Structures are given as C-alpha cells and as structure tokens.
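Enquirer: Quick one: sequence and predicted model below, then my questions.
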Amino acid sequence: MSYQLLTADVLFYQCFLKAAGFYNYGLDGVWGKHTNNADKAFIAQSNSIKQQYGSFDARSETNIITLLPKAQIAARNFLSLAANPNFEVRIISGTRTYAQQDALYKKGRYGNVPPIVTNAKGGRSNHNFGIAWDIGLFDAHGAYNTQDANYITIANLVLPHITNVEWGGNWQSFVDYPHFQLKPITPSIATIRQLFETGGTYV
C-alpha cells in the first residue's frame, strides 16, 4: 500500500500515528491540525531514517513509508543485507488497512478466482499494524521469481544478522516465505490489535 492509501483512511492513520508516538489526541477520523502535525512529524522521521539507512528501488520505497519507524529501520537493514548478484530484492507489500486486508482475504474465496493468499481477515494480520512486509525477487530482466527455494536462501542470508525480525517461512499453519515482520512484544494478534487501536506500544 502506498502512503496515499494509508492516509486516505483517516481513522486508521490516526491509530497508526498514535501507535508510532506522533499523535496524542482523540481518534475521530477527522484530518485536523493535530493529525496534520503528526503526519508532518512522521514524514520527517521517515526521511531521516531513509538518509541514515539508505534508499532503495521505487517500489520498495512506496511500501517502506507505510511502516512504523522501527519497522522502516528493520526493513532497510533487511534490504541492505539481502543484496546479492542473483536477484533484486524488493519490498512489494507493507501496511494494509483493515478494508484492504478484507479484500485480500476474499481472493480465492466466495467464488473469487483462486488461489487463497491469506488466512487473515482485517485486523488479524501484522500487515495491519505497520510492522510487516513482503518481498519479491526479480531477475535481471525484471521477471518475478516465485520459487520457494530462492526465498529460503534470502531468509538464511539475512536472518542471522537481524534478530529482531521474524520470518513467515517458520510458520506452521500457513507458511509464507516472502513475509517478514518486526518482532512484536506478544504473539497475540488480538492484543496487538487492541494496542494499535488505543495507541499502545507493541514493538
């Protein structure tokens, strides 16, 4: 999701900004001066992180800006460590609103064309809380690679060096090789959702 889509859902974005420590007012879904000031502070810190930890391809940048600052740092460290001669590693998905997550959940279900791509409805994925990203591998010609073995190789290359990141390839119920996320303080999605919606800290 792009920054523009993130900010389009004002109530969701206020929760995001509050969880990141930029917004300390009521969650009313109205873009007023407090939300505007919090947005400016978030953008300023994001730009500072970009300058400090390096910039990447345009698609990755579009998705990194949707992550909480701590996750932005982790994602940029991830891309730096993932650099290799065989593939260009890009971040192809970042934060999703609940509505976007629900739309993704419908893929492969309710008569929609397969495959199923997620088991998580809105509010039940760490993509909804600004701490998760998915990667894509692209060859020299720009072709998208879907071979699990290559994603496993990238994970094995990177994970020993960033211990604060978890990998979907280690999941048991729904293995997700392109998925990475900043480790939250609890594995409980319900608890993280509650903290996100009330401006609490979960990373």
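Expert: Cool, the structure landed.
Enquirer: For the chain, just list every one of the strands.
Expert: Taking DSSP state E as the test, the strands found in the chain are 88-93, 132-138, 144-145, 165-167, 179-182.
Enquirer: Residue 196 is nearest to which of these?
Expert: Each of the strands of the chain has some distance to residue 196 by CB to CB; the shortest is strand 132-138, at 12.3 Å. In this view, the C-beta of every residue, glycine as well, is placed from N, C-alpha and C.
Enquirer: ok, that closest one: who's next to it in the sheet?
Expert: Counting by DSSP bridges, the strands paired with strand 132-138 are strand 88-93 (antiparallel), strand 144-145 (antiparallel), strand 179-182 (antiparallel).
Enquirer: how distant is stretch 147-154 from the center of its chain?
Expert: 20 Å (CA atoms, centre = their mean, to the nearest Å).
Enquirer: Over to stretch 42-62?
Expert: 14 Å.
Enquirer: same check, this time on stretch 29-43
Expert: Centroid separation for stretch 29-43 versus its chain: 21 Å, with CA atoms, centre = their mean.
Enquirer: got the strands paired with strand 132-138 as JSON lines, with distance to residue 190, mean neighbour count and mean pLDDT columns?
Expert: Output for the strands paired with strand 132-138, formatted as JSON lines (distance: least, CB to CB, whole Å; neighbours: other CB atoms under 10 Å; pLDDT from 0 to 100):
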{"stretch": "strand 88-93", "distance to residue 190": "22", "mean neighbour count": "21", "mean pLDDT": "97"}
{"stretch": "strand 144-145", "distance to residue 190": "34", "mean neighbour count": "12", "mean pLDDT": "94"}
{"stretch": "strand 179-182", "distance to residue 190": "16", "mean neighbour count": "25", "mean pLDDT": "98"}
